[in-house]
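Engineer: one predicted model, sequence on top.
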Amino acid sequence: MLRINRARSLRPVFVAALLLVALVLPSALLAPLANAQTILATVAKVPGPVAVAYDSSKGEVFVANYQDDTVSVISDANNSIVATVPVGIDPFSVTYDSSKGEVFVANNGNSTVSVISDATNSVVATVRVGSGPIAVTYDSSKGEVFVADHNDNTVSVISDATNAVVATVAVGVTSVTGAYTPRALAYDSSKGEVFVANFGNGTVSVIADANNSVVATVSLASLVSNVGNGLTVAGTEPIALAYDSSKGEVFVASIGKSLVLVISDANDSVVAAVPVGSGPVAVAYDSSVGEVFSASSEDNTISVISDATNSVVATVPVGTGPFAIAYDSSKSEVFVANVQDNTVSVIEPPANSTTATSSYSASSATSVASSGQSVPVLSSNTIVFGLIDGGILVGLMTAVLLSLRRRRSRTPSSTT
């Protein structure tokens with residue numbers, strides 16, 4: 001009976017240990033989920049957002065609204081719309097000119113570029129360019145703005161000093177159809193070059209800003225063997241570009257293959273191919289942690305690529321139809337324009353992290369309407385933790401009660 005009594009005396013200790021495990025273990029096991037990359041805020045009532053640019057001077061994000069020919073201005077302080085600026089017809093791309101404090105907007109519908117002063121949030125100039133401008137990027141070295149003229153197979157070069165076109169560059173390579181269709185631009189600050197994605201024939205043109213001439217053409221349609229992770233692929237339909245200043249590389253979203261291809265600016269050749277979500281249409285570089293964000297329009301996610309390994313390290317669900325991305329260097333946040341549900345998702349930075357593969361904190365998810373009023377939202381991980389912990393606690397308490405009941409019923413016989 002001494003053995004039985006010892007076993008019974010250890011029951012409270014055993015139960016206490018189980019209780020401690022119930023409280024700690026689920027959260028410990030699921031902690032990685034709590035730190036998964038997630039949405040900090042959603043800015044609503046943005047009509048047809050198709051392009052995003054970050055204004056580092058004002059801490060604002062400019063969003064081109066294709067649906068109603070306007071540009072929404074979002075404050076990154078509270079993730080609310082603070083201004084709406086009428087521009088040309090069918091605005092399709094935006095870029096920020098840090099030297100002049102201006103935002104250049106490519107209006108695809110009437111072949112113009114609107115110039116917005118960020119001091120007044122009003123249009124101060126309108127520049128006529130080639131037919132169907134669809135992309136725009138700022139060259140900080142020359143104080144020039146490059147505009148991809150989709151219908152002309154050219155790139156217009158605008159001086160920000162005069163707001164006038166100073167050069168026109170033919171891009172793409174000769175083909176039977178002549179469908180070069182330049183679709184995206186990225187400025188390489190290290191080499192003083194502008195990369196042009198030619199959607200129609202699977203090439204990237206490289207323009208030297210010293211003389212505004214094409215100095216290289218990178219073929220993506222040919223087979224790419226033994227690059228990066230060993231893929232052998234044909235990268236076609238390049239639709240977006242982003243320059244990685246840390247690695248001296250250009251990331252190219254290839255919508256036809258659901259890949260992001262990596263071009264080295266040292267030799268203008270493809271050095272890696274990264275599988276991402278379905279239908280990548282936009283890319284942006286996060287300089288704080290060395291990551292590239294790729295918008296997958298067909299599965300409503302953002303693939304996060306480490307530029308150290310050229311591999312996807314995280315996937316973030318966003319709104320419907322993510323179409324454009326911009327990185328906010330002041331807050332280390334990423335703004336994603338979701339064209340199908342008229343929202344802009346804000347992805348928050350990593351919590352307690354300095355590495356490229358770290359995850360992003362999910363502890364402060366909020367939903368923000370265009371009025372700027374914040375409505376707290378319970379994190380799904382918090383709900384999961386609560387349900388698991390609660391279920392285990394209920395089970396343990398039931399076990400404790402049953403144990404006590406059995407102990408009382410056996411007390412008389414245990415003293416014999």
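Structural biologist: Received the coordinates, thanks. Numbering: from 1, shown residues only.
Engineer: which of the three states applies to the residue nearest to residue 300 when sequence neighbours are not counted?
Structural biologist: In space, and not counting its chain neighbours, residue 300 is closest to residue 320: 5.6 Å by Cβ to Cβ, 6 or more residues apart in numbering. For the C-beta atoms, the positions are set from N, CA and C on the backbone; glycine is no exception. Using DSSP: H, G, I helix; E, B strand; the rest coil, the structure places residue 320 in coil.
Engineer: what is the least confident helix or strand in the chain?
Structural biologist: Taking mean pLDDT, DSSP states H and E as the measure, the chain has strand 374-376 as its least confident helix or strand, at a mean of 27.
Engineer: residue 125 against residue 163, yeah?
Structural biologist: Yes. Using Cβ atoms under 8 Å, residue 125 is in contact with residue 163, at 4.2 Å.
Engineer: so what sits against both of the two?
Structural biologist: residue 115 (Cβ atoms under 8 Å, 6 or more residues apart in numbering).
Engineer: would you map the strands across the stretch 1-150 of the chain?
Structural biologist: Using DSSP state E, counting those that start in this stretch, the strands found in the stretch 1-150 of the chain span residues 39-43, 49-55, 60-65, 70-75, 80-86, 91-97, 102-107, 112-117, 122-128, 133-139, 144-149.
Engineer: give me the sheet partners of the fifth one and which way each runs.
Structural biologist: When you say that, I think you mean strand 80-86. Taking DSSP bridges as the criterion, strand 80-86 forms sheet pairs with strand 70-75 (antiparallel).
Engineer: now the partner strand against strand 49-55, angle please.
Structural biologist: 40 degrees (axes from the mean of the first three to the mean of the last three Cα atoms, to 10 degrees).
Engineer: outside of strand 70-75, which residues touch it?
Structural biologist: Contacts of strand 70-75 (Cβ under 8 Å, 6+ apart): 43, 46-47, 49, 59-65, 80-87, 91, 94, 103, 105, 114, 116, 121, 335, 344.
Engineer: so, low pLDDT: which residues of the stretch 51-200 of the chain?
Structural biologist: Low-confidence segments of the stretch 51-200 of the chain (pLDDT under 70): 173-179.
Engineer: helices along the chain, start to end?
Structural biologist: Counting by DSSP state H, the chain has helices at residues 2-9, 11-34, 380-414.
Engineer: ok, residue 134 - contacts?
Structural biologist: 92-93, 106, 108, 148-150, 182-183.
Engineer: Serialize those to TSV and add fields for distance to residue 304 and neighbour count.
Structural biologist: Output for those, formatted as TSV (distance: Cβ to Cβ, whole Å; neighbours: other Cβ atoms under 10 Å):
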residue	distance to residue 304	neighbour count
92	25	22
93	23	26
106	27	33
108	29	23
148	26	31
149	32	25
150	29	23
182	27	33
183	23	23
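Engineer: pull the number of nearby residues for residue 140.
Structural biologist: 12 (other Cβ atoms under 10 Å).
Engineer: do the same with the one 4 residues further on
Structural biologist: For residue 144, the count of nearby residues is 21 (other Cβ under 10 Å).
Engineer: cool, and residue 45?
Structural biologist: 12.
Engineer: excluding covalently adjacent residues, which one is nearest to residue 145?
Structural biologist: residue 158 (4.3 Å).
Engineer: what bridges to the one you found?
Structural biologist: Judged by DSSP bridges, the bridge partners of residue 158 are residue 145, residue 165.
Engineer: from residue 138, how far off is it?
Structural biologist: Separation of residue 158 from residue 138 (Cβ to Cβ, to the nearest Å): 10 Å.
Engineer: okay, and the common contacts of those two?
Structural biologist: Common neighbours of residue 158 and residue 138 (Cβ under 8 Å, 6+ apart) are 104, 144-146.
Engineer: where does the stretch 251-400 of the chain dip in pLDDT?
Structural biologist: Residue ranges of the stretch 251-400 of the chain with pLDDT under 70: 350-400.
Engineer: mind doing that once more with 90?
Structural biologist: Residue ranges of the stretch 251-400 of the chain with pLDDT under 90: 255-258, 348-400.
Engineer: just the strands from it, written as ranges.
Structural biologist: So, for the stretch 251-400 of the chain - with DSSP E, counting those that start in this stretch - the strands run 259-264, 269-275, 280-286, 291-296, 301-306, 311-317, 322-328, 333-338, 343-347, 366-368, 374-376.
Engineer: can you redo those strands as TSV with mean neighbour count and distance to residue 220?
Structural biologist: TSV is the format used below for those (neighbours: other Cβ atoms under 10 Å; distance: least, Cβ to Cβ, whole Å):
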stretch	mean neighbour count	distance to residue 220
strand 259-264	24	6
strand 269-275	20	7
strand 280-286	25	13
strand 291-296	26	16
strand 301-306	24	17
strand 311-317	17	19
strand 322-328	25	20
strand 333-338	26	25
strand 343-347	26	28
strand 366-368	18	38
strand 374-376	10	43
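Engineer: returning to that earlier point: if I look at the residue nearest to residue 300, how far off is residue 341?
Structural biologist: 4 Å.
Engineer: when these two are compared, which one has more neighbours?
Structural biologist: Taking neighbours as other Cβ under 10 Å, residue 320 and residue 341 compare with residue 341 leading, 16 against 12.
Engineer: gap between that one and residue 48?
Structural biologist: In this view, residue 341 and residue 48 are 10 Å apart by Cβ to Cβ.
Engineer: over to residue 131?
Structural biologist: Taken as Cβ to Cβ, the span from residue 131 to residue 48 is 21 Å.
Engineer: which of the two has more residues huddled nearby?
Structural biologist: The neighbour comparison of residue 131 against residue 48 (other Cβ under 10 Å) goes to residue 48, with 19 against 12.
Engineer: OK, contacts around the more buried one?
Structural biologist: Taking Cβ under 8 Å, 6+ apart as the definition, contacts of residue 48 comprise 65-68, 339, 342.
Engineer: what about it, distance to residue 70?
Structural biologist: Residue 48 is 9 Å from residue 70, by Cβ to Cβ.
Engineer: go on, residue 188?
Structural biologist: Taking Cβ to Cβ, one finds residue 188 at 31 Å from residue 70.
Engineer: likewise residue 59?
Structural biologist: 20 Å.
Engineer: that older thread, tell me who's in contact with the residue nearest to residue 300.
Structural biologist: Shown in contact with residue 320 (Cβ under 8 Å, 6+ apart): 300, 338, 340-341.
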